[in-house]
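Chemist: dropping a prediction and its sequence here:
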2 protein chains.
Amino acid sequence: MIETPYLLFLGDAPDMLAAKVAIGIRDWRPENALGQLRLPGCGADLGLPDMTLAEAKAAGVKTVVIGVANRGGVISQDWKKVLVAALEEGFDLAAGLHNLLRDEADLRAVAEATGRTLHDVRVPSVKYPIADGKKRTGKRCLAVGTDCSVGKMYTAMAMEREMIAAGMKATFRATGQTGILITGDGVPLDAVIADFMAGSVEWLTPDNDPDHWDLIEGQGSLFHVSFSGVTMALIHGGQPDALILCHEPTRTHMRGLPDYTPPTLEALRDMVLPIARIANPACQIVGVSVNTQHMTEESARAYLARVEAEMGLPATDPYRFGAAPLVAALAAV
Amino acid sequence: MIETPYLLFLGDAPDMLAAKVAIGIRDWRPENALGQLRLPGCGADLGLPDMTLAEAKAAGVKTVVIGVANRGGVISQDWKKVLVAALEEGFDLAAGLHNLLRDEADLRAVAEATGRTLHDVRVPSVKYPIADGKKRTGKRCLAVGTDCSVGKMYTAMAMEREMIAAGMKATFRATGQTGILITGDGVPLDAVIADFMAGSVEWLTPDNDPDHWDLIEGQGSLFHVSFSGVTMALIHGGQPDALILCHEPTRTHMRGLPDYTPPTLEALRDMVLPIARIANPACQIVGVSVNTQHMTEESARAYLARVEAEMGLPATDPYRFGAAPLVAALAAV
């Protein structure tokens, strides 16, 4: 668990694209994003107050989160100066970088000397159990995609916000590094040892109130041969009561797999439901989330209407048109 | 890669059940099993020559394999004396114990001093790639089960032996610790990091002659919620051309999951084939392997005949009645 609130470290990020993690925190947990810290030459701006470490301390910040990717996998000396100072000022550090904070001898030494914590969210910090498949109380919703990176995290985040606004009990459950940094907690599922994948998802979504929904962040796709095992463990560990199908209609091949054609929404539906019902015979597909960013508004609306008619399921682009139809469908489960 | 041949260390195994790994090596790679080393009180006997370390050295043994489970997860001082002596005599050590050889300070120190290798086959020793899904040359067969521990390894081993005897090109590809110790090589799939599971299976089954068959050891089951993600990665990383369905008809619940009923062979067939065809559209189910150990011979034969009639696939118990029908089916692919 990462202590909040955060100061978002943008370093010398050349542009906003490099600041994806920081943007996610600002957008989805604005109450955790008290300010930003930028180095000379930084081309990103979150529109948050620029803060020194001292100002962040005074504002109550607990953790400095590295909200950018580092170039070439090297934590530069310019970054180090700030990160060391942050530890000395009493902040924890959190990052999802490929190279770990804990593998930097200087950062580790200062963290040990100051008693601060280095959170490398790509690495599991928990000894997860093997899944036992026992039915848990409370309800769970999982977003499954025709491909990787079609908007599964965004869908779950948008549904959580809509549900909480509507007075429903809902918790986004992060299974990837960005989600973990945004919410401060979760399972870095792609880094879990194979035998414990499903168990880590059970651990992440424990017994809860009967009317509480876990909104589990999806990973990979059953149709993506590189990562389908991770998706499978999410489905069987998560025991979802409800599935949201996620799709990006303009994609011509599976992400990173030029020889593989993305499946149709119907093919995903037909494959995922029997699989999900192994763990939860009551599982239903309740809606479709379409990433329409590469479509005009007119063609997006036409596409969604066609999906609704053909599949008999509510369909929306939660980013463009809101998550309300999906939440209404969940409320009816 | 573990150097062969082996001396099989049985320690103080109370009975043959505890010597499962050693029995597998003796049965499937007899040319690697030159002798056994037993401590006082050992209740297991493989029927191999009892050898001292000196005799094993003279016979050409390269590696001492721990062929038994250790009680309570502790490597005892009685074992240690022999293992240290083995390292000093110039043997490597290999084990699939839960607690690792390398975590024993004395064994590690002696191995370093003598330049010998400690093979802990439960732990990956390779940095596996992420799967790229590219079609590979050669053919691959995977055994998939209605449950865990229904005879998938045995089926693949028996087919390999039968195929080699028939002059076919075949290689058993181990994906579990017992298979790795038996053959000296493989991927400990259940210990691989989630993101690299499918890639490790691609790595294990590379391009080969067009008429060569990899017989990939199956793991878990699509219907076993604790381990289904591992099975999925095997199917998509292995790109099998042929699947063998494996079943144990008398089981009343999934292994370790008292609330889950094993699926029928038909349910497994209907689920696995569309999944396998994502990675290999030409994949076929070619036969059924039934573990009939809890059935009389009469009822076993009747069961197999019924499966053949109802599913239109050759069915056998390879242990009881031989693997020939499965090999004949593969030869026709």
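Modeler: Arrived safely.

Chemist: which bits of chain A sit near chain B?
Modeler: Chain A comes close to chain B at residues A:130-135, A:189-195, A:197-199, A:222-223, A:225-233, A:236-237, A:254, A:256-257, A:259-260, A:270-271, A:274-275, A:278-279, as judged by CB under 8 Å from any CB of the partner chain. Every residue, glycine included, has its C-beta placed from N, CA and C.

Chemist: try 7 Å
Modeler: Near chain B, the residues belonging to chain A are A:130-131, A:133, A:189-195, A:197-198, A:223, A:225-230, A:232-233, A:236, A:257, A:259-260, A:271, A:274, A:278-279 when assessed by CB under 7 Å from any CB of the partner chain.

Chemist: select only the buried ones of the residues you listed in ChimeraX?
Modeler: In ChimeraX, a selection of the buried entries from the residues of chain A next to chain B looks like this (16 or more other CB atoms under 10 Å in any protein chain shown):
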select /A:130,131,133,189,190,191,192,193,194,195,197,198,223,225,226,227,228,229,230,232,233,236,257,260,271,278,279
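
Chemist: out of the residues of chain A next to chain B, which sit inside strands?
Modeler: Among the residues of chain A next to chain B, DSSP state E puts none in strands.

Chemist: just the CA coordinates for stretch A:71-91, please, in PDB.
Modeler: Backbone C-alpha positions of stretch A:71-91 (Å, rounded to 0.1, in the frame of the first residue of the first chain) are rendered in PDB as follows:
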ATOM      1  CA  ARG A  71      14.800   7.300 -21.200                       C
ATOM      2  CA  GLY A  72      16.900   4.200 -22.000                       C
ATOM      3  CA  GLY A  73      16.100   2.600 -18.700                       C
ATOM      4  CA  VAL A  74      18.600   4.700 -16.800                       C
ATOM      5  CA  ILE A  75      17.700   6.700 -13.800                       C
ATOM      6  CA  SER A  76      19.800   9.800 -14.500                       C
ATOM      7  CA  GLN A  77      21.900  11.800 -12.000                       C
ATOM      8  CA  ASP A  78      19.500  14.700 -12.400                       C
ATOM      9  CA  TRP A  79      16.600  12.500 -11.200                       C
ATOM     10  CA  LYS A  80      18.700  11.000  -8.500                       C
ATOM     11  CA  LYS A  81      19.500  14.400  -6.900                       C
ATOM     12  CA  VAL A  82      15.800  15.000  -6.400                       C
ATOM     13  CA  LEU A  83      14.900  11.500  -5.400                       C
ATOM     14  CA  VAL A  84      17.600  11.300  -2.800                       C
ATOM     15  CA  ALA A  85      16.500  14.700  -1.400                       C
ATOM     16  CA  ALA A  86      12.900  13.400  -1.300                       C
ATOM     17  CA  LEU A  87      13.900  10.400   0.800                       C
ATOM     18  CA  GLU A  88      15.900  12.700   3.100                       C
ATOM     19  CA  GLU A  89      12.900  15.000   3.500                       C
ATOM     20  CA  GLY A  90      10.900  12.000   4.700                       C
ATOM     21  CA  PHE A  91       8.900  11.000   1.500                       C
END
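
Chemist: not counting sequence-adjacent ones, nearest residue to A:G322?
Modeler: Among residues not flanking A:G322 along the chain, A:T316 sits closest, at 6.6 Å (CB to CB, 6 or more residues apart in numbering or on different chains).

Chemist: what sits against the one you found?
Modeler: Residues in contact with A:T316 (CB atoms under 7 Å, 6 or more residues apart in numbering or on different chains) are A:S289, A:L304, A:G322, A:A323, A:P325, A:L326.

Chemist: list only buried entries from those.
Modeler: Among these, the ones that count as buried by 16+ other CB under 10 Å are A:S289, A:L304, A:A323, A:P325, A:L326.

Chemist: appreciated, that's everything.
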